[in-house]
Structures are given as structure tokens and as C-alpha cells.
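**Student:** Structural data only, the sequence is not supplied:
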């Protein structure tokens, strides 16, 4: 396995771990109790307990997205640049999905949209920071 391939594998694993842990802290521990008061609850809407295996599996494409972006970035990427890029990308993704949810469902209000954008910015920033740190390391 080449050094570049090892870097891709390692950054996928590390990015997945960073995404899982930061997402659980940001959305599960910090934002969920607050956002729940601004979300309409329906019986059986949420799985209890959630499928943690699938939740972790869902973080892999998020890490791969940043790997793809940073591998095609035309300048050297640092952890700080990765955090900034990840925060902008994460906030954009969060804003897109939150506004679409607001537009299509009677589920959330504008408070959830606003806090989702902040949460997604932090989540994306932290995940991208880890991926960029690994990607930017010298071979």
C-alpha cells in the first residue's frame, strides 16, 4: 500500500471517529435537549435506542467528502484552514437541510434552523480539522 493510500485510509478512519465523537457531543449532548423543546414530537418519530452502528457508518461519507476536497485543493492545507473550510461547508449543509425541513414538514422552528447551522459548522470544522491535519502532513 502506498503512502498516499495509507493516508487516505488513516484520514478516513480518523475523520469518521472525529465526526462521530464531535457529532454526538454537539448534537446529542449539547443541542438535543434545547432543540427538542423547539421540535414537534410524534409518537415513534425517533428510534429508541437509535441504531448506533448505522449512525457511525453515516459518518464515513462525511470524512470522505473532506478527503476528496483537500486532496484536490490546489494549495497546502493546514489544520486551521481545514477547520475554516469544514465550518463553512458544514454550516452550508446544515442550513440547506434545516431550511428544507422547515419548508416541507411541521417538525421544527427557526430556532432549530439557527442552532443547527451553528452545530453543523462546529461538527464540519472539527471533522475537517482532523482530515486536513492528516492530509497536510508530509509523507
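**Tutor:** Great, that's in hand. What you see is a predicted model; the values in this text were computed from it and never measured.
**Student:** Flag the shaky bits of this structure, pLDDT-wise.
**Tutor:** Counting by pLDDT under 70, the chain has low-confidence residues at 137-139.
**Student:** Remind me what the one helix or strand residue 67 maps to packs against, helices and strands.
**Tutor:** Using DSSP states H and E, residue 67 sits in helix 59-71. For helix 59-71, the elements it packs on are helix 3-23, helix 79-104, helix 110-136, judged by 3 or more C-beta pairs under 8 Å, 6 or more residues apart in numbering; DSSP states H and E. Using the backbone N, CA and C atoms, a C-beta is placed for each residue, glycine as well.
**Student:** List just the one of these that sits closest to residue 53.
**Tutor:** Smallest distance to residue 53 across these (C-beta to C-beta): 11.1 Å, for helix 3-23.
**Student:** which outside residues touch that closest one?
**Tutor:** Residues from elsewhere that reach helix 3-23 (C-beta atoms under 8 Å, 6 or more residues apart in numbering): 1, 55-56, 59-60, 62-64, 66-67, 71, 122-123, 126-131, 134-135, 137, 139.
**Student:** re earlier: and the helix holding residue 67 with helix 110-136, angle?
**Tutor:** 60 degrees (axes from the mean of the first three to the mean of the last three C-alpha atoms, to 10 degrees).
**Student:** In helix 59-71, which residues are buried?
**Tutor:** Within helix 59-71, the residues that count as buried by 16 or more other C-beta atoms under 10 Å are 59, 62-67, 69-70.
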